[in-house]
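Visitor: give me coordinates for this.
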Amino acid sequence: MRPDSLSDLQLDAIREMGSIGAGHAATALAQITGRPVAIDVPEIRLVPVTEVPGALGGPETLVGAVFSRLLGDVAGSVLFMGVRDALLGLIDILHNRPVGSTKSLGPAEESIVTQTGFVLITAYLTAIGRLADLTILPSRPAFAFDMSGAVLDTVAADVGMKADTAILVQTAFSTEEDRIDAVVLYMPDPDSLEVMLGKLGVV
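Guide: This next block holds a predicted model:
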């Protein structure tokens, strides 16, 4: 299923899934930090998987990614991705420190990002599953830090990815003082995307 083959109604349904998922993720993040964290979704769009690196600044842009396979009623993969500075800023927000305090992305920081990314991914998938009346669960997460093109190649090799279309959710985390931009990327297999849209009544 190509992005240009979807109707306006189908695209609206996909945007609704992303927006509801963001609301659940904001609640989950607030529980982690103990303070309100707003999550805005300035853009949700479908793009060919081959164009995803371009949406992240180009295939050579260094990014960190938390990724899981989709389990349950659908197949595919899901990623939480951000450039290095965004991930460092997210760590500062989680620890109630001024953004810019964390300077390096070592093993401890990678663990924090992985745990947080997994919580957000789970919140998104739970919300989407409830909306579409599907069981959608994430596998145990893995973390990768590399150029965006290489990260996607790693994910494709790890999960045997069949997806040709990605649902790209631009995500902004905001506190009263700071804003951090990241991306949540759903890459359901073609049959699974049709199943999701069918459950929403917009096939």
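
Visitor: make it CA atoms for all contacts and neighbour counts henceforth
Guide: OK.

Visitor: what residues does residue 80 make contact with?
Guide: Residue 80 makes contacts with 65-67, 117, 121, 182-185, as judged by C-alpha atoms under 8 Å, 6 or more residues apart in numbering.

Visitor: mind telling me what element it is part of?
Guide: In this structure, residue 80 sits in strand 76-83 according to DSSP states H and E.

Visitor: just checking: what are the partner strands of that strand?
Guide: Strand 76-83 sits in its sheet next to strand 62-72 (antiparallel), strand 179-188 (antiparallel), going by DSSP bridges.

Visitor: what residue ranges in this structure score low on pLDDT?
Guide: Where the chain drops to pLDDT under 70, the residues are 1-6, 42, 158-163, 202-203.

Visitor: quick one: the strands in it?
Guide: 38-48, 62-72, 76-83, 136-138, 142-147, 165-174, 179-188 (DSSP state E).

Visitor: correct me, but residue 60 touches residue 151?
Guide: No. Assessed by C-alpha atoms under 8 Å, residue 60 is found out of contact with residue 151, at 10.1 Å.

Visitor: let's have the strands of the chain in CSV, adding distance to residue 7.
Guide: CSV is the format used below for the strands of the chain (distance: least, C-alpha to C-alpha, whole Å):
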stretch, distance to residue 7
strand 38-48, 12
strand 62-72, 25
strand 76-83, 22
strand 136-138, 24
strand 142-147, 33
strand 165-174, 15
strand 179-188, 18
